[in-house]
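> the sequence and its predicted three-dimensional model are supplied below.
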Amino acid sequence: MDQSPPRTGGRIARTLRRLGAALAVAVLAVVAWSWWSSRLPASYSATEMGLPITGLASNGHDRGHGPGGHASPGTTALPVTALVDPAKGPADVRVTLVAKAAQITPTNGKQFDGYTLNGTTPGPEIRARHGDLVEVTLRNADVAGGVTLHWHGVDVPNAMDGVAGVTQDAVMPGASFTYRFVAQDTGTYWYHSHQISHRQVAAGLYGAFIVEPATTTEAWPDDAVMLLHTYPSNSRAINGTVGEVRRDAAPGERVRVRVTNTDNGNTAAWVTGGAYRLLAIDGTDLNRPTPVRDTKVALTGGGRADLQVTVPSSGAVRVQAPGVSFVIGPKDATAPETGSPTATLDPLAYGTPTGLGFDPTTPDRRFALAVGRRPGFLDGRPGYWWTINGHTGASVPMYLVSEGDIVAMRIANNSGQSHPMHLHGHHMVVLARDGVAATGSPWWVDTLDVDHGQTFEVAFVADNPGIWMDHCHNLPHAREGLMTHVMYEGVTTPFRLGPSSGNEPE
Ligand code: C2O
Ligand code: CU
């Protein structure tokens, strides 16, 4: 008889195999579940696009007030369509913009399939004075995916915010939509489509929107718009012109150069031929800005910087950004091109402090917005997706506020890349960066560059009811899920997102 000892090795191997199989099944089940649960319905409301958090300290835990967008007891539901400007009568500034698909040949000859507004890209510069009623009718001639116009940085009433699927439906070929709002804030802004924006903005649907003070003063001398843009054929342009742009100005003349970064990535601007002052960031004037030289100004995607330059007694002044420059001076005068300075102006400690108009030290709500990244599924697609507070897709936090709240937000980034975080409908003030308090002029932004490893403390006053996007302005990142909303309690939207809705704001 064979009395061989029990084959322990074999049994262990068998058990391991079984365990392995069970583990594989479990892993598969988890993967299948995360795939399944990441899928979004064919159409859904922005108010269901996240888990509402209230930021209220009272109960220690933030469990929200139930599904967002549903009126809490005691509040009446307010549709975004009701959030319009009450101003009646004829507009002070009236523009019609016709969006069209076109083959575009920039001045360097490198063609691409893009879009125009009234036959050009960028679209016409729109100028208003503080307090003007602005009326812009957008007509879509033939842009197949539909279009909208968003007034970047302008605190318009919510119904005028131009976000397809949140504040309106995309304007389809043959249709039109009229935007009406009072220009409340002076400064440098821009407009762009907020439908399929990751493609439409780069391909041409954007322009400058400038609000001048009601009366021109010494502080507002001559100004020049400098719209930086990179077209899909990799053509770097200023105001649509590739390479160098000129403007005539007499020696001694001071010009406010409104540098606007309409691209997805960060850029910088610097000045040769004299000192300059950084007059404004994201449309808001800085308090007592001092002259600087051999220093560049950083511009995040969507951000603006107004530089005050003075034409020297001989030669010209050159405002440069990588690949392009704007020469200002007498005819034929020029200034040498220079490389980018190594020093970067730090707005955290530039200019002089002054009142904010509110007290950010006792906020009504405290929120965290931490950007990360992890592998997983987004609407059923596998990828390495951006996360907000660890979540993706429909489970990112959605920030609930009430009108009048002072809101503090900590924006952190540990995702490996930088993100220009853009909040619609509000101006945020930067209080601190990486634990260092701001010591300069109030630094108001609508688009804040948050680098990998950085943490910002910002605050804003919730004074503009609506459902407001808060997203990365590196628009492909927004498309990859780096997008959420600040939502006023009780505000609802009749508009829908998702493939069957025809609305695709990213
Ligand atoms: Cu400049 Cu949500 O956009
Ligand atoms: Cu980003």
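Thanks, I have the structure now. Ligands and ions are numbered 1, 2, ... in the order given.
> what is the neighbour count of Ala394?
By other CB atoms under 10 Å, 19 other residues sit near Ala394. Quick note: C-beta positions are derived from backbone N, CA and C, even for glycine.
> count the residues that sit near the nearest residue to it once chain neighbours are set aside.
In space, and not counting its chain neighbours, Ala394 is closest to Met49: 5.8 Å by CB to CB, 6 or more residues apart in numbering. Look at Met49: counted by other CB under 10 Å, it has 24 neighbours.
> am I right that Met49 is in contact with Leu497?
Yes: with contact defined as CB atoms under 8 Å, Met49 counts as touching Leu497 (6.9 Å).
> quick one on the thing from earlier: let me see the contact set for the residue nearest to Ala394.
In this structure, Met49 makes contact with Ala394, Val396, Met398, Thr484, His485, Leu497, judged by CB atoms under 8 Å, 6 or more residues apart in numbering.
> any idea how far Asp155 is from the fourth one?
Okay, so that is Thr484. 19 Å (CB to CB, to the nearest Å).
> ok, these two, which is more surrounded?
Between Thr484 and Asp155, counted using other CB under 10 Å, Thr484 has the larger neighbour count: 23 against 20.
> confirm that one sits in a strand?
Yes: looking at Thr484 with DSSP: H, G, I helix; E, B strand; the rest coil, it is inside a strand.
> I figured it hits Cys472, correct?
No: look at Thr484 against Cys472 with CB under 8 Å: they stay out of range, at 10.0 Å.
> how much space between the residue nearest to Ala394 and Ala408?
In terms of CB to CB, Met49 sits 23 Å off from Ala408.
> swap in Met421?
Separation of Met421 from Ala408 (CB to CB) stands at 15 Å.
> of these two, which one has the most company?
The neighbour comparison of Met421 against Ala408 (other CB under 10 Å) goes to Met421, with 28 against 21.
> and the more buried one, which of the three is it?
strand.
> that one contacts His473, correct?
Yes: counting by CB under 8 Å, Met421 does reach His473; the two are 7.5 Å apart.
> shared neighbours, those two?
Contacts common to Met421 and His473, judged by CB under 8 Å, 6+ apart, are Thr447.
> is Asp285 bridged to anything, and to what?
According to DSSP bridges, the residues that bridge with Asp285 are Ala280.
> quick one, what contacts it?
Neighbours of Asp285 in contact, by CB under 8 Å, 6+ apart: Thr186, Gly187, Ala219, Leu279, Asp306.
> and for Val182?
Shown in contact with Val182 (CB under 8 Å, 6+ apart): Asp85, Ala87, Gly131, Asp132, Leu133, Val134.
> go again using 7 Å as the cut-off
Residues near Val182 by CB atoms under 7 Å, 6 or more residues apart in numbering: Asp85, Ala87, Gly131, Leu133.
> of those, which is the nearest to Arg479?
Nearest to Arg479 out of the contacts of Val182 is Asp85 (CB to CB; 30.3 Å).
> go ahead and confirm that closest one touches Phe181.
Yes: counting by CB atoms under 7 Å, Asp85 does reach Phe181; the two are 4.8 Å apart.
> these two - which one has more neighbours?
The residue with more neighbours, out of Asp85 and Phe181, is Phe181; 23 against 17, by other CB under 10 Å.
> number of residues surrounding the residue nearest to the more buried one when sequence neighbours are not counted?
Distance criterion CB to CB, 6+ apart; nearest residue to Phe181, sequence neighbours excluded, is Val156 at 4.3 Å. Neighbourhood size, Val156 [other CB under 10 Å]: 27.
> residue boundaries of the helices in the stretch 251-400 of the chain?
Here the stretch 251-400 of the chain has no helices by DSSP state H, counting those that start in this stretch.
> next one: the stretch 51-200 of the chain
Using DSSP H, counting those that start in this stretch, the helices of the stretch 51-200 of the chain run over 197-200.
> Glu403 contacts Tyr488, correct?
Yes: applying CB under 7 Å as the test, Glu403 and Tyr488 come out as touching, 6.2 Å apart.
> those two: which is more packed in?
Tyr488 (25 against 14).
> now the more buried one: how far from Val461?
Using CB to CB, we find Tyr488 at a distance of 12 Å from Val461.
> what does the stretch 351-500 of the chain have sitting close to ligand 2?
Counting by CB under 5 Å from the ion, the positions of the stretch 351-500 of the chain adjacent to ligand 2 are His419, Cys472, Asn474, His477.
> what's the burial count for the third one?
To tie it back to what came earlier, the one meant is Asn474. By the criterion of other CB under 10 Å, Asn474 has 25 neighbours.
> picking that back up, which of the residues of the stretch 351-500 of the chain next to ligand 2 are buried?
Neighbour-count burial (16 or more other CB atoms under 10 Å) is assigned, among these, to His419, Cys472, Asn474, His477.
> got the residues you listed as JSON lines, with pLDDT and secondary structure columns?
JSON lines is the format used below for these (pLDDT from 0 to 100; DSSP: H, G, I helix; E, B strand; the rest coil):
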{"residue": "His419", "pLDDT": "97", "secondary structure": "strand"}
{"residue": "Cys472", "pLDDT": "97", "secondary structure": "strand"}
{"residue": "Asn474", "pLDDT": "94", "secondary structure": "coil"}
{"residue": "His477", "pLDDT": "92", "secondary structure": "helix"}
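> let me know the closest of the residues you listed to ligand 1.
Checking these against ligand 1 by CB to the nearest ligand atom gives Cys472 as the nearest, at 9.3 Å.
> thinking again about what came up before, can you narrow the residues of the stretch 351-500 of the chain next to ligand 2 to ones near ligand 1?
When CB under 6 Å from any ligand atom is applied, no member of those is adjacent to ligand 1.
> Thr178 is in contact with Met160, correct?
No: the criterion here is CB under 7 Å, and Met160 misses it with Thr178 at 9.3 Å.
> more neighbours, those two?
The residue with more neighbours, out of Met160 and Thr178, is Met160; 25 against 13, by other CB under 10 Å.
> can you pull the contacts of the more buried one?
Applying CB under 7 Å, 6+ apart to Met160 gives the contacts Val84, Tyr179, Arg180, Phe181.
> do Asp263 as well
Residues in contact with Asp263 (CB under 7 Å, 6+ apart) are Leu228, His229, Thr230, Gly301.
> stretch 440-451 and ligand 1 in contact?
No: Stretch 440-451 stays clear of ligand 1 (CB under 6 Å from any ligand atom), getting no nearer than 7.4 Å.
> do me a favour and get the end-to-end distance for that stretch?
Using CA to CA, to the nearest Å, the end-to-end distance of stretch 440-451 comes out at 20 Å.
> how about stretch 406-426?
Chord length of stretch 406-426, first to last residue, is 12 Å (CA to CA).
> what do you get for stretch 119-138?
So stretch 119-138: terminal residues 13 Å apart, CA to CA.
> ok, now stretch 384-393?
13 Å.
> buried residues in it?
Trp385, Trp386, Thr387, Ile388, Asn389, His391, Thr392, Gly393.
> quick check: domain ranges of this protein?
46-76+355-492, 83-215, 218-345 (automatic domain parsing).
> how about the last one, does it get close to ligand 1?
Yes: applying CB under 6 Å from any ligand atom, one finds domain 218-345 in contact with ligand 1 at Gly302.
> I'd like the distance from stretch 50-57 to the chain centre, please.
22 Å (CA atoms, centre = their mean, to the nearest Å).
> what does stretch 423-434 give?
The answer for stretch 423-434 is 12 Å, by CA atoms, centre = their mean.
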